[in-house]
Structures are given as structure tokens and as C-alpha cells.
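Engineer: Okay, predicted coordinates and the sequence, questions at the end:
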Amino acid sequence: MQEQNPFKSGYVSIIGEPNVGKSTLLNAVMGEKLAIVTPKPQTTRNRITGILTTDSYQIIFLDTPGVLTPKYRLHNQMVKAAYSAITDADLVLYMIDVNRLNSGIEEKILDELKKAAQQVILVINKIDLIPSPALLPIIADYQEKFPFLEIIPISATLDNGVSQLHESIVKHLPKGPPYFPPDQLSDLPERFFVSETIREQIFLRTNQEIPYASSVVIEEFKERPNGKIYISALLYVERQSQKGILVGKGGRTIKRIGQLARAEIEQFLKTTVFLDLRVSVKADWRRNERKLKDLGYL
């Protein structure tokens, strides 16, 4: 009688610079929207966990903030979260954008990977944006830079190459029991996903400094006797002028953000939601350690 293949499980960190498509990849491999995605860089601020379980394996994906040159204490914390995910992982996916290669940040990331002596798959994203012949020299160049387990070109938005990457991840997973129940998609609370959904709409509906100066805190999250969930959220900005822009003329901007966020939250929670949004000022919170701690970033 043939012996069954042993169960595999492990942590897989997705790292890279801002806006290379890490969150889009997480959502693609999960088949669920767990990470918010916007065209703006630095959308992801926290480590996002996605748990994918089948009969033969469990992958715990760690989507990380983009690695950048820090300007604020918040940036320092984001970079720290990304680098700690390298050492916490059984396998690292280092993701690059074909249109933004060979940056100074890339050298730092490769140095961290070398120091950690990690197993790494290079994921070359957005290949739909370049002609096919241009891909081979890029692959050859990166083969010289680091002993990658594999180099896999993909387009996360078009779901091109994602299944091949998925197979490669499973191949390199260590043997071991599952860490989480089979029906669990993340180890993060519902409140976190609700706050991220609101923040996503701020990123999509406002411009310039407003998305980066904004943070969301869920103050209340409770089910009412009628079954509707009441959610109260406080949206922080750094200056009074930013508050005026986020609220909008006659409250139009904040109202629109609330409408769009509520629709997504209801889909996520699969129930009716009453969403109450308020805007307040927390001066220079991105630079202040105590305020970052208050907002849950430390």
C-alpha cells in the first residue's frame, strides 16, 4: 500500500518595495480580498496574514509593508515589520516590478535576505507591461545577484503565472501539521479589516498628503438587537486643514467614503452595517512614538 504524502505547512512572507503588487498577489492566491489595494504606494502599513488550507497543505502568507527609505517613525515601523517577516518565514517571496529595477532599496533587501540565509523565490511582477523578449535579460541579471530557489514571472492583476507560483510555494513548503483551523482565513480580528476598508476608501477618494496623514481607529463594534452591526470609527489626520479636506464641502467627501466603505464591510461581514465616521486631528502622529502606539502601529 502506497504511503500518503505528508501534510505540509509553513509561513511565506511577501516582501518588496512599495507598489510592486504584494497585496494584489496575496488576494490572488487567497481567492479572497484580504489586503486593501490602491494605485498609491505605501498603502499597506501592517503585516497582513492570509491562511490558505487544503487537504494536503496550509500556507500562512505574510503580506508586508513596502520597504522604503524612512522619513517618519511610521516608516521605520513599516520597514521593521517587513524585515522581521523575513526571519519569521519558512519561505520568502521577493517581489519586484519590471518597470522599477535595480534601486538602492533593492540592494538593502538582498542584503537582509543574505543575512537571514533564507530560501527565496524571486517573483517578477507586471510582466504584461513589457515585451516578452525583455524578460530574459532581467532573469539573467537577477540570477547573478542572489541564489534564488526559482525565478517566476507573473502578472498578479491578470492572474498570469500565479498558479505556477502557487505550485512552487507548495513544493518548497516544509512538512508539518497545520497551525490554524481549516476554515480560518486570517489571524487578524474583524475590526482590523473594517479599519483597513475605511482607510482604502480614504486612499482612493483623496489626494496628495491626505491618505498618508490619515489613520483609522475603530472605537465601537457591536451587534444591535435587530441584528445590524453598529461600527463607530475615528479618522485621524495631522492638521486642521487636512480635516477640512477629508470632511469635504458640506461633508460630501466623508459621506462618500462612508457609503463605499459600508458596502464593502457589509459584503465582508455578510450582514447589515451602520457605519458612523468622525474626523479628528492628532498632530504629527506619524513622527511621534507615543501617538503611533495609541494608533496601534507599535
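Structural biologist: Done, it's in.

Engineer: Could you use CA atoms for every contact and neighbour count after this?
Structural biologist: Noted.

Engineer: Which residues are in contact with Glu219?
Structural biologist: Counting by Cα atoms under 8 Å, 6 or more residues apart in numbering, Glu219 makes contact with Ile231, Ser232, Ala233, Leu234.

Engineer: Now do the strands in the stretch 101-250 of the chain.
Structural biologist: Counting by DSSP state E, counting those that start in this stretch, the stretch 101-250 of the chain has strands at residues 120-125, 150-153, 215-223, 229-237.

Engineer: so where's the protein uncertain?
Structural biologist: Scanning the chain for pLDDT under 70 picks out the ranges 1-3.

Engineer: if you set the cut-off to 50 instead, what comes out?
Structural biologist: Where the chain drops to pLDDT under 50, the residues are 1-2.

Engineer: So it: which segments form each domain?
Structural biologist: 8-172, 190-294 (automatic domain parsing).

Engineer: Now do the end-to-end distance for stretch 47-58.
Structural biologist: Start and end residues of stretch 47-58 are separated by 18 Å (Cα to Cα, to the nearest Å).

Engineer: Now the buried members of the contacts of Glu219.
Structural biologist: Listed as buried from these are Ile231, Ser232, Ala233, Leu234; burial here means 16 or more other Cα atoms under 10 Å.

Engineer: these two touch, right, the last one and Lys282?
Structural biologist: No: contact criterion Cα atoms under 8 Å: Leu234 and Lys282 do not qualify, at 10.9 Å.

Engineer: distance of Ala233 from Val279?
Structural biologist: Applying Cα to Cα, the value for Ala233 to Val279 is 9 Å.

Engineer: Leu101 too?
Structural biologist: 39 Å.

Engineer: Likewise for Tyr142?
Structural biologist: 46 Å.

Engineer: Going along the chain, name the helices of the stretch 1-150 of the chain.
Structural biologist: Taking DSSP state H, counting those that start in this stretch, the helices of the stretch 1-150 of the chain run over residues 22-30, 73-88, 104-116, 135-145.

Engineer: most packed of those helices?
Structural biologist: helix 22-30 (a mean of 21; mean count of other Cα atoms under 10 Å).

Engineer: neighbours around Glu190, how many?
Structural biologist: 14 (other Cα atoms under 10 Å).

Engineer: Ok, Lys293 next?
Structural biologist: Lys293 has 11 neighbouring residues, counting by other Cα under 10 Å.

Engineer: Can you tell me the element it falls in?
Structural biologist: helix 289-294 (DSSP states H and E).

Engineer: buried sites along that helix?
Structural biologist: Lys291, Leu292.

Engineer: Now render the domains of the chain as TSV, adding distance to Pro178.
Structural biologist: Converted to TSV, these look like this (distance: least, Cα to Cα, whole Å):
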stretch	distance to Pro178
domain 8-172	6
domain 190-294	22
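
Engineer: who wins for proximity to Gln184 among those?
Structural biologist: The closest of those to Gln184 is domain 8-172. By Cα to Cα, the value is 6.6 Å.

Engineer: what's the span of that closest one, first residue to last?
Structural biologist: 9 Å.

Engineer: now it: how far from the chain's centre is it?
Structural biologist: Distance, stretch centre to chain centre, for domain 8-172: 10 Å (Cα atoms, centre = their mean, to the nearest Å).

Engineer: And for stretch 284-292?
Structural biologist: Centroid separation for stretch 284-292 versus its chain: 21 Å, with Cα atoms, centre = their mean.

Engineer: so His90 touches Ser9, yeah?
Structural biologist: No His there; residue 90 is Asp. No: counting by Cα under 8 Å, Asp90 stays clear of Ser9, with 9.1 Å between them.

Engineer: overlap in contacts of these two?
Structural biologist: Counting by Cα under 8 Å, 6+ apart, the residues touching both Asp90 and Ser9 are Leu173, Pro174.

Engineer: More neighbours: those two, which one.
Structural biologist: Neighbours were counted for Asp90 and for Ser9 using other Cα under 10 Å; Ser9 has more, 24 against 19.

Engineer: Is it correct that that one is in contact with His172?
Structural biologist: No: distance between Ser9 and His172: 9.9 Å, which falls outside the contact criterion (Cα under 8 Å).
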